[in-house]
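1. give me a model of this one.
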Amino acid sequence: MNVNTHPHPYGIMIAGNDLGTAQQSYLYCAAYGNGNFIVRGFGPAAFQMNGQGEPNPAVHKAAARMQPVMQEIAVTVRAGRVECIINGTVVAGYDKATLVTAGKLKSLDGVYGLRFAHNTDVNVTGFSVTKN
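-> Okay, the predicted model is just below:
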C-alpha cells in the first residue's frame, strides 16, 4: 500500500461465485495499514469471520498517515481448510464446513482476485496462483 490516508483494507479474494448477481458469494483476507486484518465475505449477505477485524503483530503498520506500508498477503486452500497468511504468518484459518454453509460460501472453488477498499493506492507485485 502506498498511501495510508485512512485505515481501509486491501487483500485477496477467493471462492467467487455468481459475482455481479444478487446471489454472489466470495471470501477475502485483507490487511489494513494500521496493523489490523479482516476475513469477511458475502454469501450473498455480508458475513464476518473475525468480527470488525483484529490486530496481529504480523500485520505491518504504516509509520504515519500518508506513509507507505508493505504487506505480503496470501490465501491457501488445502485439505478442506482456508488460511489467511499475512507477512508469512497464518493470522486466521477456517475449516471448509465453517465457510461452505448456508449464508456463506457456495464453494471454495471459484474466481479469485484482488480486493481494495476506497482511499488506498496499491502497488501489486508477484500475484499468482499455485495448485498443489
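2. residues contacting A63?
-> Contacts for A63 were tallied using C-beta atoms under 8 Å, 6 or more residues apart in numbering; they are V69. For every residue, glycine as well, the C-beta is placed using N, CA and C.
3. no no, I14
-> Contacts of I14 were listed using C-beta under 8 Å, 6+ apart, and they are 26-28, 75, 77, 82, 108, 110, 112.
4. phi, psi of it?
-> The main-chain torsion angles of I14 are listed as degrees, to the nearest 10 and equal phi -130, psi 170.
5. any idea which element the residue nearest the centre of the chain lies in?
-> For the chain, the residue nearest the mean C-alpha position is C29 (1.4 Å; C-alpha atoms, centre = their mean). In this assignment (DSSP states H and E), C29 forms part of strand 25-31.
6. now do the following helix or strand past that strand: distance to the chain's middle.
-> Going down the chain from strand 25-31, the next helix or strand is strand 36-42, by DSSP H and E. The chain centroid and the centroid of strand 36-42 are separated by 6 Å, computed with C-alpha atoms, centre = their mean, to the nearest Å.
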